[in-house]
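Participant: requesting a structural model of the entry that follows:
(chains A, B and C)
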Amino acid sequence: MDIVSRDFYDRPTLVVARELLGCFLVCRKGRKVIRMKITEVEAYIGEDDLACHASKGKTKRTEVMYEKAGHAYVYLIYGMYHCMNIVTEARGFPAAILIRSGEIEGVPLKETNGPGKLCRFLGIDRSFNGWDVTKGKKLWIEPGEDVAEDRVKMGKRIGVDYAGPCKEYLWRFEIADHSK
DNA sequence: GCCAGGATCGTC
DNA sequence: ACGATCCTGGCA
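Facilitator: All right, here's what the predicted structure looks like:
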């Protein structure tokens, strides 16, 4: 088992986001281990990013974003879905990458092609918040296929119309030819 | 305390 | 286009 280590996450968030494409998010669910290829991510970087939860500063909810790179940031959204992020960059600087979409062999795409849906399928909830994904055990990342530059599509982040100028940032990355 | 709004999704 | 559903942050 090959687990992505902390120095991978402890780099500029946009670089990490780009390189997470093609990697596998691996989760232990009961006695089974589920591997999901990551096909779409979004970066949320610093207190100046008005779309980032940390734009309101360090709070009980956002404190994990200020932690060392490689921790999971999981929150409840709209009262019924969870979103899974991985914290990046140096301790004290709040940044994270939202896992937006993935593919699991033998599983219909509609189960994993959204941030809320993939968490529901993998059984990721707020009990995973703060989990160190470099430790394995119940949630970690494995290296995956190399995704060539011409297959990477950048775009605006979804659902952040409230973020003023920051909503225009091209901080969303996806594998261009991944099936939707 | 109270209240508006949300990094979503399924249905209408 | 809208409702579900509950946590969060801001304000009193």
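Participant: can we go C-alpha only for contacts and neighbour counts from here?
Facilitator: Fine.
Participant: got a pLDDT number for the closest residue to DNA strand C within chain A?
Facilitator: Residue nearest to DNA strand C within chain A: residue A:79 (3.3 Å; Cα to the nearest atom of the strand). At residue A:79, the pLDDT value in this model is 97.
Participant: tell me the SS of it?
Facilitator: coil (DSSP: H, G, I helix; E, B strand; the rest coil).
Participant: let's verify residue A:15: helix, strand, or coil?
Facilitator: Relying on three-state DSSP, one would call residue A:15 helix.
Participant: got phi/psi on the nearest residue to residue A:50 once chain neighbours are set aside?
Facilitator: Distance criterion Cα to Cα, 6 or more residues apart in numbering; nearest residue to residue A:50, sequence neighbours excluded, is residue A:163 at 4.9 Å. Torsion angles at residue A:163 (phi, psi; degrees, to the nearest 10) stand at phi -90, psi 20.
Participant: repeat that for residue A:151.
Facilitator: Given degrees, to the nearest 10, the pair of backbone angles that residue A:151 has is phi -100, psi 0.
Participant: you'd agree residue A:6 is up against residue A:87?
Facilitator: No. Using Cα atoms under 8 Å as the test, residue A:6 is too far from residue A:87 to be in contact (10.1 Å).
Participant: hang on, the earlier thing: number of residues surrounding the residue nearest to residue A:50?
Facilitator: 14 (other Cα atoms under 10 Å).
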